[in-house]
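Peer 1: With the input below, show me the fold.
(one chain, ligands or ions: 2)
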Amino acid sequence: MARALGLLGNEWTVLILQRALLGTTRYSGFLHELPISNSVLTSRLNTLVDEGLLEHRIYQRNPIRAEYRLTDRGRSVWSILLAIWDWERTWVSHQDETLPTMSHTPCGCDFRPVLACTACDKAVAVQDVSTSWGPSGSWARSSADAMTRRRSGRRAKPVFFPETMEAFGDRWSSSMIGAAFLGICRFSEFQSALSMPPSLVADRLQLFVAQGVLTTVQHGQRANWVEYHLTEKGRAFFPVVMLMLTWAEKWYRSEEGPALIHVHDDCQKEFVPTLTCSHCGRRLKGGDVLPSTAQFASGAS
Ligand SMILES: [Zn+2]
Ligand SMILES: [Zn+2]
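Peer 2: Ligands and ions are numbered 1, 2, ... in the order given. Coordinates of the predicted model:
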């Protein structure tokens with residue numbers, strides 16, 4: 001799971017996958033469509049091939065021509081990208097560009113994705129799901145300690161999905177967002193559950209409060225008791241978190257079983273998320289969802 005979150009927490013990875021889902025296959029195509037350098041593109045494409053999301057296929061020998069094709073694993077991230085798009089579009093003001101609207105081909109309408117339960121088809125919000133640890137889950141294994149620590153400081157602000165990338169752009173942040181959804185709310189709890197240095201906990205809490213994802217709540221009776229609660233904007237991130245966790249469980253499953261077990265309280269079945277169309281109510285499929293803005297679809301950005 002840590003590996004999966006690390007992969008999807010990279011803005012270039014997400015943008016390359018987005019272009020691939022819209023049909024880009026050639027190296028030159030990615031280079032043309034994204035403001036990316038050769039070295040970064042090469043390195044991110046290699047990672048995506050190593051992780052099994054893209055397949056590098058040589059289709060002509062003289063001269064050599066190759067393409068990058070999405071595998072099933074790569075193609076299946078479409079719902080995560082759609083949920084990221086919806087959250088950024090709803091909650092984040094983008095300075096440079098406005099994210100396009102999305103159109104659902106079967107009903108022909110602009111829509112928003114709605115998180116729903118695969119078992120009963122009802123719309124699901126964060127308070128409708130109960131989560132507990134599965135056989136391979138624990139704080140120790142989910143915290144950043146168990147992952148490669150590539151960076152612990154802040155980096156330059158991402159441009160395209162700025163706040164999503166700040167939430168998932170490094171492993172400490174994604175662990176903390178996950179912990180907040182699991183009910184962790186005090187400074188000392190974040191520190192001990194995730195084995196995080198206090199300075200990092202303080203830094204990330206400050207960032208999430210500044211973003212409006214968490215808010216501080218003062219305990220009524222106890223002077224020094226401060227809790228960090230998810231705001232409405234924070235709770236609205238639930239589909240992204242849920243779809244990422246489900247994707248990670250599916251494609252990077254531990255032999256012991258799942259790390260987390262989710263139950264939909266209403267139907268009492270295991271909660272497996274799906275997305276439905278806000279307009280027609282049908283379940284969304286990857287191929288049925290397209291940006292309405294032609295400029296975005298053609299990759300000019
Ligand atoms: Zn259900
Ligand atoms: Zn529809």
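
Peer 1: And ligand 2, is stretch 116-134 touching that?
Peer 2: No: applying CB under 5 Å from the ion, one finds stretch 116-134 separated from ligand 2 by no less than 13.0 Å. The way it works is simple: take the backbone N, C-alpha and C, and place the C-beta from them, glycine included.

Peer 1: ok, residue 228 - contacts?
Peer 2: Going by CB atoms under 8 Å, 6 or more residues apart in numbering, residue 228 touches 180, 185, 186, 187, 190, 205, 208, 209, 214, 215, 216, 217.

Peer 1: tally of neighbours for residue 192?
Peer 2: 13 (other CB atoms under 10 Å).

Peer 1: And residue 241, by the same measure?
Peer 2: 22.

Peer 1: give me every residue that touches it.
Peer 2: Residue 241 neighbours (CB under 8 Å, 6+ apart): 177, 178, 181.

Peer 1: Take the contacts of residue 228 and keep only those in helices.
Peer 2: 180, 187, 190, 205, 208, 209 (DSSP state H).

Peer 1: ok, how many other residues are close to the last one?
Peer 2: Which is residue 209. Residue 209, neighbours per other CB under 10 Å, totals 14.

Peer 1: now the contacts of residue 228: which count as buried?
Peer 2: Listed as buried from these are 180, 185, 190, 205, 208, 214; burial here means 16 or more other CB atoms under 10 Å.

Peer 1: Show me which of these is closest to residue 38.
Peer 2: residue 208 (34.6 Å; CB to CB).

Peer 1: measure the closest one to residue 30 for me?
Peer 2: 32 Å (CB to CB, to the nearest Å).

Peer 1: For residue 181, see how far away the spatially closest residue to residue 107 that is not a sequence neighbour is.
Peer 2: In this structure, residue 107 finds its nearest non-sequential neighbour in residue 280, 3.8 Å apart by CB to CB, 6 or more residues apart in numbering. Computed as CB to CB, the residue 280 to residue 181 distance reads 29 Å.

Peer 1: check contacts around residue 13.
Peer 2: Here residue 13 is in contact with 7, 44, 47, 48 (CB under 8 Å, 6+ apart).

Peer 1: same question, residue 51
Peer 2: Per CB under 8 Å, 6+ apart, neighbours of residue 51: 3, 7, 73.

Peer 1: Also residue 16?
Peer 2: 30, 34, 41, 44, 45, 48.

Peer 1: so the residue nearest to residue 107 touches residue 109, yeah?
Peer 2: Yes: between residue 280 and residue 109 there is a contact at 7.0 Å, judged by CB atoms under 8 Å.

Peer 1: could you pick out which of the contacts of residue 13 are near ligand 2?
Peer 2: Restricting the contacts of residue 13 to contacts with ligand 2 (CB under 5 Å from the ion) yields no residues.

Peer 1: now, the most widely separated pair of the residues you listed?
Peer 2: 7 and 44 (9.9 Å).

Peer 1: Give me the nearest residue to residue 53, chain neighbours excluded.
Peer 2: residue 74 (3.4 Å).
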